[in-house]
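Chemist: got a predicted structure plus its sequence, pasted below:
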Amino acid sequence: MASKPQPVVAANWKCNGTVAALTELLAVFNDAKVDHDVQCVVAPAFVHFGLVQAQLKNTKFAISAQNCIAKSGAFTGEVSIALLKDLGLKWVILGHSERRQYYGETNDVVASKVHACVGAGLIVIACIGETLKEREDGRTAAVVIGQLAAIAKTIRVNDWEQVVVAYEPVWAIGTGKVATPEQAQEVHHIIRQWMASNVGAEVASKLRILYGGSVTAANADTLYRCADINGFLVGGASLKPEFTKIIAATKV
Ligand SMILES: O=C[C@H](O)COP(=O)(O)O
């Protein structure tokens, strides 16, 4: 297998967790022996940032937001780039399908957030992926490339150093119905090829493309063996000790 870029394994805790349960889980993350070159990321709900900042000691991990807006000010209920930076955060997930589906984030909204975040020096995990209907209609490539192209239009070539792409087929999220390695690799390859043709060969080869959607300790090894899979964005299994096994699956 050609050498892969440094993997990223990110835990998206979504709107989950109690202080007690997350304290136990963070102790497991702290004890995890991670001796290969990997970037681990934990994205708690905003209310748990303080808890995670106080308790997460494993230096392989960074803390991420699950979303943000560009500007501070009179935006009740929101969290801005400046607020994240003030806490010392460097990572943010943008364009998750749940943000797109439940909060009306269009390709343009997501792209403008990516633009603002990379401009502010944050590292973005930019999520793309098709719904079941779009896949059944044979539109998977068109949908993910449309989502990617919207981002590419708003940022400079060099900015891609601060972007990690997460391919998350919507039909695989939280359903237990993981994409097969062939299905995932096919789309990851399409993404990398599009990047090579439209942004640049070097950017494309260095780009970390994560897979997300029902990743568990049982399927991570096989998925990571795919040439264009560079790590994972994990929901449900990231709230369990098995997340450390998913990290271990990226050791080759
Ligand atoms: O951000 C994570 C994804 O939505 C995947 O969630 P899941 O692992 O629960 O399917």
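Modeler: Great, that's in hand. Numbers count the residues shown, from 1 in each chain.
Chemist: near the ligand, which residues of this structure?
Modeler: Residues of the chain lying near the ligand by CB under 6 Å from any ligand atom: 12, 96, 168, 173-174, 212-215, 233-237. C-beta here means a position set from N, CA and C on the backbone, and glycine is covered the same way.
Chemist: quick check: the farthest pair among those?
Modeler: Among the residues of the chain next to the ligand, the pair separated by the greatest distance (CB to CB) is 96 and 237, at 16.3 Å.
Chemist: so these two - more neighbours on which side?
Modeler: Per other CB atoms under 10 Å, whichever of residue 96 and residue 237 has more neighbours is residue 96, with 28 against 20.
Chemist: helix or strand next in line after the host helix or strand of residue 84, which one?
Modeler: Mapping residue 84 onto the secondary structure by DSSP states H and E places it in helix 81-86. Counting by DSSP H and E, the element after helix 81-86 in chain order, helix or strand, is strand 91-94.
Chemist: can you pull the contacts of the residue of the stretch 151-252 of the chain found nearest the ligand?
Modeler: Nearest residue of the stretch 151-252 of the chain to the ligand, counting by CB to the nearest ligand atom: residue 235, 2.3 Å away. Shown in contact with residue 235 (CB atoms under 8 Å, 6 or more residues apart in numbering): 12, 14, 173-174, 212.
Chemist: now, of these, which are buried?
Modeler: Taking 16 or more other CB atoms under 10 Å as the criterion, what is buried in those is 12, 14, 173, 212.
Chemist: now the residue nearest to the third one when sequence neighbours are not counted. Its backbone dihedrals?
Modeler: The spatial neighbour of residue 173 that comes closest, neighbours along the chain excluded (CB to CB, 6 or more residues apart in numbering), is residue 213 at 5.0 Å. Dihedral pair for residue 213: phi 140, psi 90, per degrees, to the nearest 10.
Chemist: where's residue 213 relative to residue 24, distance?
Modeler: Noted for residue 213: a distance of 26 Å to residue 24, by CB to CB, to the nearest Å.
Chemist: quick check, residue 232 in contact with residue 223.
Modeler: Yes. Here residue 232 reaches residue 223: they are 7.4 Å apart, a contact under CB atoms under 8 Å.
Chemist: more neighbours: which of these two?
Modeler: Neighbours of residue 232 and residue 223, each counted by other CB under 10 Å, are more numerous for residue 232; the result is 30 against 24.
Chemist: who are the neighbours in contact with the closest residue to that one other than its chain neighbours?
Modeler: Nearest non-adjacent residue to residue 232, counting by CB to CB, 6+ apart: residue 215, 4.7 Å away. Residue 215 is in contact with 178, 223, 232-234, 237, 246, counting by CB under 8 Å, 6+ apart.
Chemist: sec struct for residue 185, please.
Modeler: helix (DSSP: H, G, I helix; E, B strand; the rest coil).
Chemist: that one and residue 228 touch, don't they?
Modeler: Yes. Residue 185 is within contact range of residue 228, at 5.9 Å (criterion: CB under 8 Å).
Chemist: okay, and the common contacts of those two?
Modeler: Contacts common to residue 185 and residue 228, judged by CB under 8 Å, 6+ apart, are absent.
Chemist: who are the packing partners of the strand or helix carrying residue 164?
Modeler: In the assignment (DSSP H and E), residue 164 maps to strand 163-167. Using 3 or more CB pairs under 8 Å, 6 or more residues apart in numbering; DSSP states H and E as the contact test, the elements touching strand 163-167 are strand 123-128, helix 140-154, helix 181-198, strand 209-212.
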